[in-house]
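Colleague: fold the stuff below for me.
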Amino acid sequence: MNILIGAMALLLSTFVGDFIIAHVIKLFIQDGEGKAHARASAVGRIERFIYTSCILVGLPVEIIGGWLVLKGLAQFRPKGDEKAATPDFLTDYYGYLIGTGLSLIVGIGFGLLGRYWMGIPLVIPKA
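Modeller: Here you go, the predicted model:
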């Protein structure tokens, strides 16, 4: 039964999370169509799967931190980069930050909800 509940939490996080995040981003990014890049949804699904899995299974939260560092390095712009000041770049960057934050909230939230449904303590005790 716990496997089914865990799978349901992962599916909710991965796919319902897309719906939630897409609509919240549209509220914040009014200009343009407010649509994510083609690969942004796929990256969001992967990261929510990682976040939810870590919380459900009780894996170290450092895995989540490692993923966030990896994403931050991908967005790094060296000082003096002319592109970093353009409105298009800033719109994309803020969308990136909002999407990452929302994915973190949704992924961990559904992970905690899954733990609650399975009767597992919400706080992971330190060994």
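Colleague: taking the centroid of this structure, which residue is nearest it?
Modeller: By CA atoms, centre = their mean, the chain has its centre lying nearest to Ser103, at 2.2 Å.
Colleague: buried ones in the helix or strand containing that residue?
Modeller: Taking DSSP states H and E as the definition, Ser103 sits inside helix 87-118. Judged by neighbour count (16 or more other CB atoms under 10 Å), helix 87-118 contains these buried residues: 92, 95-96, 98-100, 102-115. From N, CA and C alone the C-beta is placed, and that goes for glycine too.
Colleague: which strands or helices does that helix pack on?
Modeller: The contact analysis (3 or more CB pairs under 8 Å, 6 or more residues apart in numbering; DSSP states H and E) places helix 87-118 against helix 2-11, helix 17-28, helix 40-57, helix 62-74.
Colleague: end to end, how far does stretch 6-24 reach?
Modeller: Stretch 6-24 has its terminal residues 25 Å apart, counting by CA to CA, to the nearest Å.
Colleague: I would like the residues contacting it, please.
Modeller: By CB atoms under 8 Å, 6 or more residues apart in numbering, the residues outside stretch 6-24 that reach it are 36, 41, 44-45, 48-49, 51-53, 56, 98-99, 102-103, 106-107, 109-111, 113-114, 117-118.
Colleague: average pLDDT for that stretch?
Modeller: The pLDDT scores in stretch 6-24 average 87.
Colleague: likewise stretch 114-121?
Modeller: Rounded mean pLDDT across stretch 114-121 is 89.
Colleague: relative to the whole chain's centre, how far out is it?
Modeller: How far stretch 114-121 lies from its chain's middle: 21 Å, per CA atoms, centre = their mean, to the nearest Å.
Colleague: now tell me what touches it from outside.
Modeller: 2, 5-6, 8-10, 52, 55-56, 58, 122.
Colleague: good, wrapping up.
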